[in-house]
Structure formats: structure tokens, C-alpha cells
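Student: Mind looking at a prediction? Sequence and model below.
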Amino acid sequence: MSFLTYPVPYTYEDYLLFPNDGRRHELINGKHLVSPSLLTKHQRISRNLLVSICNFLRKNKIGEVFSAPCDIIFSDTNIVQPDLLFVSAEQASIVTEKMCKEPPTSLSKSFLLPSVRRMRSQNGSCTSGMA
């Protein structure tokens, strides 16, 4: 009998090879976590928040908001996809074509709460600095 072996920990290079299958793929301390599609109630709330924030930002040019999937790279082995991500105008340089190369300082805990919980459950602590 043979067993498949997988790299541990997974890194950003591995993450780029994960399928684009409509599920949320994240790396938490090098472990590959996959979440199913969100419930419609969650999607409605997220959409309503996105619309409200976008309307506010059209009138107040203080930054930009992104919706999932949008990667935030905390480290080579910690990559998350928050539902919503606000990046202030002062930090616009952290946004690239494919990702947010570091967490914004204005990141709201409420947007990242599920990912922070997964980080804590995998490691016993939150490595993102958002404890």
C-alpha cells in the first residue's frame, strides 16, 4: 500500500496551484483549509455591506473596498480570503493585481473573524497580530 505525501507546511507557491472551484482556500500556519460556498444569508449580508461601503467611498475618497476572493498574505504560510477588505488610500501600494501583499493597518477584525478563528484553532494563537 502506498500513501500520498503532501508538503508540510504548504506555502504561497502551493497555494497558487489550488483549484479555482468556488470554495474558499486558505493557508493557516501552512495547513490548507477549504470552506464550502457561503450560505445565501451570509452572501446577502456581505453584499449589503459591500454596497453600503462602496456608496460611502464614492463620496469620501478615503480608500477602496474589495470582496472575496481577495487574498491577504500575512506570511508565506498564512494566506486568508476575507469576505470584505478595506484598504485606505494611504496604503494603496499594498494592493497588487492578484492580492493584498500585507494586511492593511485599518483591517477590521469583523471582516477577518472567521479566518482569525481558524488561525487560533490551528495554532492556539493568532499569528496575524489581530488577537
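Tutor: Everything's here; your move.
Student: now what about whatever helix or strand residue 45 lives in, what contacts it?
Tutor: Per DSSP states H and E: residue 45 is located in helix 40-59. Outside of helix 40-59, the residues within contact range by CB atoms under 8 Å, 6 or more residues apart in numbering are 38, 63-65, 67-68, 83-84, 86. Glycine gets a C-beta too; all of them are placed from N, C-alpha and C.
Student: Generate JSON lines for these, with secondary structure as supplementary columns.
Tutor: Below are the contacts of helix 40-59 laid out as JSON lines (DSSP: H, G, I helix; E, B strand; the rest coil):
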{"residue": "38", "secondary structure": "coil"}
{"residue": "63", "secondary structure": "strand"}
{"residue": "64", "secondary structure": "strand"}
{"residue": "65", "secondary structure": "strand"}
{"residue": "67", "secondary structure": "strand"}
{"residue": "68", "secondary structure": "coil"}
{"residue": "83", "secondary structure": "coil"}
{"residue": "84", "secondary structure": "strand"}
{"residue": "86", "secondary structure": "strand"}
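Student: Near residue 83, how many other residues are there?
Tutor: 24 (other CB atoms under 10 Å).
Student: and the residue positioned nearest the centre of the chain, what does it touch?
Tutor: Using CA atoms, centre = their mean, the residue of the chain that lies closest to the mean C-alpha position is residue 81, 2.0 Å off. Residues near residue 81 by CB under 8 Å, 6+ apart: 24-26, 68-72, 115.
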